[in-house]
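Q: my questions are about this predicted structure, shown below with the sequence.
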Amino acid sequence: MATFEEMILRARDAAYTTEKKTTEFVNKTRVKLEIAQLQKQQAAIFEGVGRLEYDAAESGEDITALKAEAFETVRDLQKKIDKCHDRLYSMSGAVRCKDCAAVNDGDAVFCKKCGKTL
């Protein structure tokens, strides 16, 4: 039968493990929410560009500069989304191939897509 001290140590270890897993879950959820917000911003920009195109077709106005600005914003948002995905992958132990950007298991030696050394 386990001693009282052993039971206390086991309970403390279980509490620590639970705290660690909860913290990981919360951090991953925060990153996923950030991704969703960034994607929502992208979708709003795409919708706005469509509206601009329609209005420009009706009025004959040149919106080339406005579209270029919108597309640059979309690219910036995509870079932020990619960084968030990389944070999620690293939290899960996964790694991204530097050559083809494929996501691989953390213990992989070669990329599963292109075969390059990770």
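A: Alright, I've got the coordinates. Numbers count the residues shown, from 1 in each chain.
Q: CA only for contacts and neighbour counts going forward, please
A: Fine.
Q: any idea where the strands of the protein begin and end?
A: Here the chain has its strands, by DSSP state E, at 95-96, 103-104.
Q: confidence-wise, which of those is weakest overall?
A: Looking at the strands of the chain, the lowest mean pLDDT belongs to strand 95-96 (a mean of 87).
Q: helices or strands up against it?
A: helix 64-91, strand 103-104 (3 or more CA pairs under 8 Å, 6 or more residues apart in numbering; DSSP states H and E).
Q: include distance to residue 58 and mean neighbour count when you put these into CSV, please.
A: Converted to CSV, the helices and strands packed on strand 95-96 look like this (distance: least, CA to CA, whole Å; neighbours: other CA atoms under 10 Å):
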stretch, distance to residue 58, mean neighbour count
helix 64-91, 15, 15
strand 103-104, 45, 18
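Q: if I look at the nearest residue to residue 24 once chain neighbours are set aside, how far off is residue 28?
A: Leaving aside its sequence neighbours, residue 24 sits nearest to residue 91 (CA to CA, 6 or more residues apart in numbering; 7.7 Å). Relative to residue 28, residue 91 is positioned 7 Å away (CA to CA, to the nearest Å).
Q: for residue 118, same thing?
A: In terms of CA to CA, residue 118 sits 24 Å off from residue 28.
Q: follow-up on the earlier one: now the strands of the chain as CSV including distance to residue 17?
A: Shown next, in CSV, are these (distance: least, CA to CA, whole Å):
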stretch, distance to residue 17
strand 95-96, 24
strand 103-104, 26
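Q: mean pLDDT for the helices and strands packed on strand 95-96: which is lowest?
A: strand 103-104 (a mean of 92).
Q: just checking, what packs against that strand?
A: Looks like strand 103-104 contacts strand 95-96 (3+ CA pairs under 8 Å, 6+ apart).
Q: what is the burial count for residue 7?
A: Using other CA atoms under 10 Å, the number of residues around residue 7 comes to 12.
Q: now do it against residue 14, distance only.
A: Using CA to CA, residue 7 is found at 10 Å from residue 14.
Q: could you find the closest non-adjacent residue to residue 117?
A: The shortest distance from residue 117 to any non-neighbouring residue, by CA to CA, 6+ apart, is to residue 110 (4.5 Å).
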